[in-house]
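S.K.: Sequence and predicted structure, then a few things I'm wondering about:
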Amino acid sequence: MKTLYDKLWEEHHVTQLGSGESLLYIDRHYLHEVTSPQAFEGLSKKNLKPWRLEANIATPDHNVPTIRGNDFNSEKIKDEISKIQVVELDKNCNTFGIKQFDIKSSKQGIVHVIGPELGYTLPGMTIVCGDSHTSTHGALGCLAMGIGTSEVEHVLATQCLKVSKLKNMLVRFEGTPAENVSSKDIVLYFIGLIGTAGGTGYAIEFAGSYIEAISIESRMTICNMAIEAGAKVGLIAPDETTINYVREKSFLDKESLEKAEDYWKNLNTDEGASFDNEIIVDISKIKPQVTWGTSPEMVVNYDDEIPTPMNASEDNKKNIELARNYMGIQDQSKLSDLVFDKVFIGSCTNSRIEDLRQAAEIVKGKTVADNITEAIVVPGSGMVKEQAEMEGLDEVFKEAGFIWRDPGCSMCLGMNPDQLKPYERCASTSNRNFEGRQGYLGRTHLMSPIMAAYTAINGTVGEPS
Amino acid sequence: MKSNSEGLIINGIVSYIDRDNIDTDQIIPTEYLKSIKKFGYEDYLFDGWRYKDDGKLGVKKEERDINKDFILNNKPFSESKILLTRDNFGCGSSREHAVWALRDFGIKAVIASSFGDIFYNNCFKNGVLPIYLEKNQIEKLFSLVKKEVVELSIDLQKRIIFLNNQDEINFEVDDHLIERIIYGLDDIDITLKEKDKISNFEKNRKITRPWIYANE
């Protein structure tokens, strides 16, 4: 009896090396401008070519400005250093012949958003990318993980990844969520529960009645943040919801799709398969979650007291004190006592159409609070943007005082001009609240699109109503 | 196989950062990921803690507002080859730049109670040895380094850390990983020795799972 991860591992296992490591065959390799230039350089120096060109799909996302308008191209990026990187990706893709959805393309976007929506991510695939949030693709039943630049070069050159097998963890989310609770809250709660190192060394399979009931987009939010729990692989067995999603997005012909579906339908964990660790979470009691500190595990119910060193365990006192200092939390006892400056709705965690619909529903007919100096919505891709505009969501956001942007990673990591200024406090739908992540000395509070929308309107983390 | 004799023993002063969960954004902030080079990251290591101003790629250390309280800015720690820290070092982003920054600064080994998976893997591709030890041993090392400057000697082949006072700590690491550091092996060369197996696997996969190759 095998787990889904075991089956995907065996399916892609080419050979075991003398070292004891395995070569795992890679079906799909996504590339972006930040972690690929040194890999392409290495390939050129060794006089090698990509093993299988069509396995590779590239797009610029980390560095791109999100105010672009029509007729934009790489050469028009104002930040000279960012421009070099985006132009370099253009050059490398042209030189090697790799398919790129470049900055001019209507399909450009965050690599983890465009992969599934363009049908390049299919159930049962092994997928890698030089980005830790590659775990996102596990939502479709893939063995997907982030890799470093040396491995990007290795995958380009050999179509394989040299790896050792991970341990298996099963996480069952059972129950029906309360109002205003989305998959972001569930995954943040889970990270708070097991900690940011709780999943280290594991592939986490998410299952349970909650997972079965939610959309692929919500599942992607959960698998996306598996890495924030330390697990480089998060995955969910394909089911009817997955197959319907793929049918809608896929470029496969009917015959190929039917053949594939026969395989995907049986791609799941055998009954009775054993896991190295199993966790069951009753999600019906979970409230909206908001982070207060500088690690995703520093998370509380939106209306709870912020932890203090006084009531913390001995090991944790220092972590809490450092985080409170960095976050500018002095005598405030609750998140609602903190005044926010910015709101960011976007990132590979929460920039899909469902996320934008949820946020728009809340801001409709309301106005962004006076203390919020900037509230931005950054759709995950050109296709998400187009869909949202067709539904009039852009107008809803703009009327409420939000700024509607072009697709990219944007303020999730502040590599482009979208950054926090020192000490600014941001309600963010992204995935990391690390020090300086959104800008030098910036303060990030992670939350769902619903809670970010409420924070924009209320100016603070208020009652979601 | 020819061994890199310098790679067999790491001797050096231990610097330390007494914190859990040091993520790769702290090891090197995003700004410096705009570089397209594989070297030259030494001035940006722990940038947010090492300086009191916001840095930009290309701005050298001499032009920055240095945080004199940060350990790596003070002698003899500015010449450290070994870094001691706590839980979950290198969690977060997959950026290999984090290892490049440690390497370029001169760090050859990082000792912690645990590491982020992707970071741990990236270390071995760049000649940096991550060593995980039990928490009580980490605690013991912290109590030593906080008292005085400690110089350690790490024997890679024997997997032993020798302390000043002749104490020894054994550590574990997979053979194939440490060999990569000792012999400076190239992964691509090794894998391409198996290219026939990869080709055969692929040929077979094209037949059994043709939809994977549908965009070709």
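M.R.: On my side now, so go ahead.
S.K.: make it CA atoms for all contacts and neighbour counts henceforth
M.R.: OK.
S.K.: Can you check which strand is longest in chain B?
M.R.: For chain B, the strand with the greatest residue count under DSSP state E is strand B:9-16.
S.K.: who touches that strand?
M.R.: B:71-72, B:76-77, B:79-85, B:108-109, B:142, B:145, B:149-156 (CA atoms under 8 Å, 6 or more residues apart in numbering or on different chains).
S.K.: out of these, which are inside strands?
M.R.: Those of the contacts of strand B:9-16 lying in strands (DSSP E): B:82, B:83, B:84, B:109, B:151, B:152, B:153, B:154, B:155.
S.K.: Which residues does the helix or strand that the longest strand of chain B is followed by contact?
M.R.: Counting by DSSP states H and E, the element after strand B:9-16 in chain order, helix or strand, is helix B:24-27. Here helix B:24-27 makes contact (CA under 8 Å, 6+ apart) with A:434-437, B:45-49, B:90-95, B:98, B:101-102, B:119.
S.K.: In ChimeraX, how would I select the buried members of the residues you listed?
M.R.: In ChimeraX syntax, the buried subset of those is picked out as below (16 or more other CA atoms under 10 Å in any protein chain shown):
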select /A:434,435,436,437 /B:45,46,47,48,49,90,91,92,93,94,95,98,101,102,119
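S.K.: Which of the contacts of helix B:24-27 fall within helices?
M.R.: Mapping the contacts of helix B:24-27 onto helices (DSSP state H) picks out B:47, B:48, B:49, B:98, B:101, B:102, B:119.
S.K.: Find the residue ranges of chain B scoring beneath the pLDDT cut-off.
M.R.: B:1-7, B:165 (pLDDT under 70).
S.K.: how does it divide up, domain by domain?
M.R.: Per the record, chain B has its domains at B:5-185, B:186-216, by automatic domain parsing.
S.K.: Tell me how many other residues surround residue B:140.
M.R.: Residues contacting residue B:140 under the criterion other CA atoms under 10 Å in any protein chain shown number 10.
S.K.: Poorly predicted segments of the stretch 101-250 of chain A, please.
M.R.: Checking the stretch 101-250 of chain A against pLDDT under 70 turns up nothing.
S.K.: Show me what the helix ranked longest in chain B is packed against.
M.R.: Determined from DSSP H, the single longest helix within chain B is helix B:195-208. Judged by 3 or more CA pairs under 8 Å, 6 or more residues apart in numbering or on different chains; DSSP states H and E, helix B:195-208 is in contact with strand A:13-16.
S.K.: The strand it packs on pairs with which strands?
M.R.: strand A:22-25 (antiparallel) (DSSP bridges).
S.K.: hmm, who's touching the partner strand?
M.R.: Here strand A:22-25 makes contact (CA under 8 Å, 6+ apart) with A:9, A:12-17, A:126, A:159-165, B:191, B:198.
S.K.: Could you rerun that using 6 Å?
M.R.: A:12, A:13, A:14, A:15, A:16, A:160, A:161, A:162, A:163 (CA atoms under 6 Å, 6 or more residues apart in numbering or on different chains).
S.K.: Narrow those to those that are buried.
M.R.: Judged by 16+ other CA under 10 Å, buried ones among these: A:12, A:13, A:14, A:15, A:160, A:161, A:162.
S.K.: Just send the residues you listed back as TSV, with distance to residue A:304 too.
M.R.: Shown next, in TSV, are the buried ones among the contacts of strand A:22-25 (distance: CA to CA, whole Å):
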residue	distance to residue A:304
A:12	46
A:13	47
A:14	50
A:15	51
A:160	47
A:161	44
A:162	45
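S.K.: which residues of the stretch 351-465 of chain A fall in helices?
M.R.: A:353-363, A:382-390, A:393-400, A:449-458 (DSSP state H, counting those that start in this stretch).
S.K.: Ok, which of the ones you listed comes nearest residue A:189?
M.R.: helix A:449-458 (14.4 Å; CA to CA).
S.K.: which other residues reach that closest one?
M.R.: Against helix A:449-458 from outside (CA under 6 Å, 6+ apart): A:355, A:359, A:367, A:368, A:369, A:427, A:429, A:461.
S.K.: from memory the last one sits against residue A:336, does it?
M.R.: Think residue A:461. Yes: between residue A:461 and residue A:336 there is a contact under CA atoms under 6 Å: 4.9 Å.
S.K.: the more surrounded of these two?
M.R.: residue A:461 (26 against 19).
S.K.: Quick one, grab the pLDDT at the residue in the stretch 251-400 of chain A that chain B sits nearest to.
M.R.: Relative to chain B, the nearest point of the stretch 251-400 of chain A is residue A:256 (5.9 Å; CA to the nearest CA). Per-residue confidence at residue A:256 stands at 95 (pLDDT).
S.K.: Return the residues in contact with it.
M.R.: residue B:211.
S.K.: element containing it?
M.R.: helix A:254-264.
S.K.: Please identify the buried residues of that helix?
M.R.: Applying 16+ other CA under 10 Å to helix A:254-264 flags A:257, A:260, A:261, A:264 as buried.
S.K.: related to what we said a few turns ago, can you say which of the domains of chain B is packed in most?
M.R.: domain B:5-185 (a mean of 19; mean count of other CA atoms under 10 Å in any protein chain shown).
S.K.: So residue A:136, which state does it fall into?
M.R.: Assigned by DSSP: H, G, I helix; E, B strand; the rest coil, the conformation of residue A:136 is helix.
S.K.: If you tally nearby residues, what's the number for it?
M.R.: The number of residues near residue A:136, taken as other CA under 10 Å, comes to 32.
S.K.: wait, what's in contact with residue B:129?
M.R.: Residue B:129 sits in contact with residue B:109, where contact means CA under 6 Å, 6+ apart.
S.K.: What does it show for phi and psi?
M.R.: In terms of degrees, to the nearest 10, the main-chain angles of residue B:129 are phi -100, psi 110.
S.K.: Across the sheet, point out what pairs with it.
M.R.: residue B:109.
S.K.: Could you check how far it is from residue A:162?
M.R.: According to CA to CA, to the nearest Å, residue B:129 and residue A:162 sit 18 Å apart.
S.K.: Close to chain B: what parts of chain A are there?
M.R.: Residues of chain A lying near chain B by CA under 6 Å from any CA of the partner chain: A:19, A:37, A:54, A:82, A:131, A:132, A:148, A:149, A:154, A:256, A:415.
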